[in-house]
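Novice: A structural model of the following input is requested.
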Amino acid sequence: MAEQRLPVPRLEGVSREQFVQCLYPQRKPLVLEGIDLGACTSKWTVDYLSQVGGKKEVKIHVAAVAQMDFISKNFVYRTLPFDKLVQRAAEKKHQEFFISEDEKYYLRSLGEDPRKDVADIRKQFPLLEGDIKFPKFFKEEQFFSSVFRISSPGLQLWTHYDVMDNFLIQVTGKKRVVLFSPRDAQYLYLSGTKSEVLNIDNPDLAKYPLFSKARRYECSLGAGDVLFIPALWFHNVISEEFGVGVNVFWKHLPSECYDKTDTYGNKDPIAASKAAQILDRALKTLAELPEEYRDFYARRMVLHIQDKAFSKNFE
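Specialist: Prediction:
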């Protein structure tokens, strides 16, 4: 397992000024306690959500196993009325089910047209808007999306990164969140924005030997806690209880840096995507050379990237 385990710091009563001036520039995860989130932490019971959320059809992930894998897609997509989803997600055994009586459910709310519209709880679930207050720690014009999440007990989401800053608001229930620094990407066996290492607590080190070098940051979130996840930090989330959360994403970079087709906040910035395409072309060009030359010039490219691109100050 990962060698270093570091607790995510917890702070209570942080003001906007403190966050913006002192904490945010550190670009490290932080649990904020005592933030005024409105009435949601006490009101959003199963019965209340079922009643207020109504019969609106929602698209959900349904998994027969607790560890969801977005690379192999070990789940199916189904739709349920919102009230039915809430009731089923709160159960451990189901009388009605798609795959099995102990299947698990995961909702990540979507925009009206997911290809064009971002998720915003205020638009998709307007009757719940009055219950929740977002932390006022960023400018309104930086707002990107607010994603409503509902998870069955025991469900574990795959390790991944997003390209925007993010507040994970734990409204009800408990979550365990494990995070890895962007600096440790080389140890996480990435496929796109996701890690291939599903079982982070008991990893197969014969298959993923470098994973043991990754520094692991960990925290538990209860009702009312807010976790700041800086852009590019990898995170793996386990719902220890049935719970409801809301992620608020905002733009850390100028708007023109982001892919305009990105409605999820997880497409790499335009410059990064272009650089990756250029690198692919460069490697294809090297393929024209014999192996000895390929190896030599590829190593020189790596050294050049390390010299020119790696930050000397980023920890």
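
Novice: Give me the contacts around the helix ranked longest in the chain.
Specialist: Counting by DSSP state H, the longest helix found in the chain is helix 291-309. For helix 291-309, the external contacting residues (Cβ atoms under 8 Å, 6 or more residues apart in numbering) are 282, 283, 286, 287, 289. Quick note: C-beta positions are derived from backbone N, CA and C, even for glycine.

Novice: Out of the residues you listed, give me the one that has the most neighbours.
Specialist: Of the contacts of helix 291-309, residue 286 is surrounded by the most neighbours, 15 neighbours in total, counting by other Cβ atoms under 10 Å.

Novice: Run through the stretch 201-315 of the chain and note the low-pLDDT ranges.
Specialist: For the stretch 201-315 of the chain, the stretches flagged by pLDDT under 70 are 311-315.

Novice: if you set the cut-off to 50 instead, what comes out?
Specialist: For the stretch 201-315 of the chain, applying pLDDT under 50 flags the ranges 315.

Novice: what about the strands in it?
Specialist: For the stretch 201-315 of the chain, the strands defined by DSSP state E, counting those that start in this stretch cover 215-221, 226-229, 234-239, 243-250.

Novice: tilt between the third one and strand 215-221?
Specialist: Angle, strand 234-239 to strand 215-221, by axes from the mean of the first three to the mean of the last three Cα atoms, to 10 degrees: 30 degrees.

Novice: and strand 234-239, what does it pack onto?
Specialist: Helices and strands touching strand 234-239, by 3 or more Cβ pairs under 8 Å, 6 or more residues apart in numbering; DSSP states H and E, are strand 175-180.

Novice: which parts of the strand it packs on are buried?
Specialist: Buried residues in strand 175-180, counted by 16 or more other Cβ atoms under 10 Å: 175, 177, 178, 179, 180.

Novice: need the strands of the stretch 201-315 of the chain in JSON lines with mean neighbour count and distance to residue 76, can you?
Specialist: Converted to JSON lines, the strands of the stretch 201-315 of the chain look like this (neighbours: other Cβ atoms under 10 Å; distance: least, Cβ to Cβ, whole Å):
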{"stretch": "strand 215-221", "mean neighbour count": "18", "distance to residue 76": "28"}
{"stretch": "strand 226-229", "mean neighbour count": "24", "distance to residue 76": "28"}
{"stretch": "strand 234-239", "mean neighbour count": "23", "distance to residue 76": "19"}
{"stretch": "strand 243-250", "mean neighbour count": "23", "distance to residue 76": "22"}
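
Novice: what's the closest of these to residue 98?
Specialist: Nearest to residue 98, of all the strands of the stretch 201-315 of the chain, is strand 234-239, at 18.9 Å by Cβ to Cβ.

Novice: Dump the closest one to CSV, keeping only the CA atoms.
Specialist: Output of strand 234-239 as CSV, limited to C-alpha atoms (Å, rounded to 0.1, in the frame of the first residue of the first chain):
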residue,chain,number,x,y,z
PHE,A,234,-6.4,13.0,-7.7
HIS,A,235,-9.2,11.8,-5.4
ASN,A,236,-10.9,8.5,-4.6
VAL,A,237,-14.2,8.6,-2.7
ILE,A,238,-15.9,5.9,-0.6
SER,A,239,-19.4,6.5,0.7
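
Novice: So this structure: which segments form each domain?
Specialist: What automatic domain parsing lists as the domains of the chain is 4-257, 270-309.

Novice: ranking those by burial, who's on top?
Specialist: Of all these, domain 4-257 has the most neighbours on average by mean count of other Cβ atoms under 10 Å, namely a mean of 17.

Novice: Between the two ends of that one, how far is it?
Specialist: One end of domain 4-257 sits 34 Å from the other (Cα to Cα, to the nearest Å).

Novice: so how far is that domain off the chain centroid?
Specialist: On the basis of Cα atoms, centre = their mean, to the nearest Å, domain 4-257 sits 6 Å off its chain's mean C-alpha point.

Novice: Perfect, that will be all.
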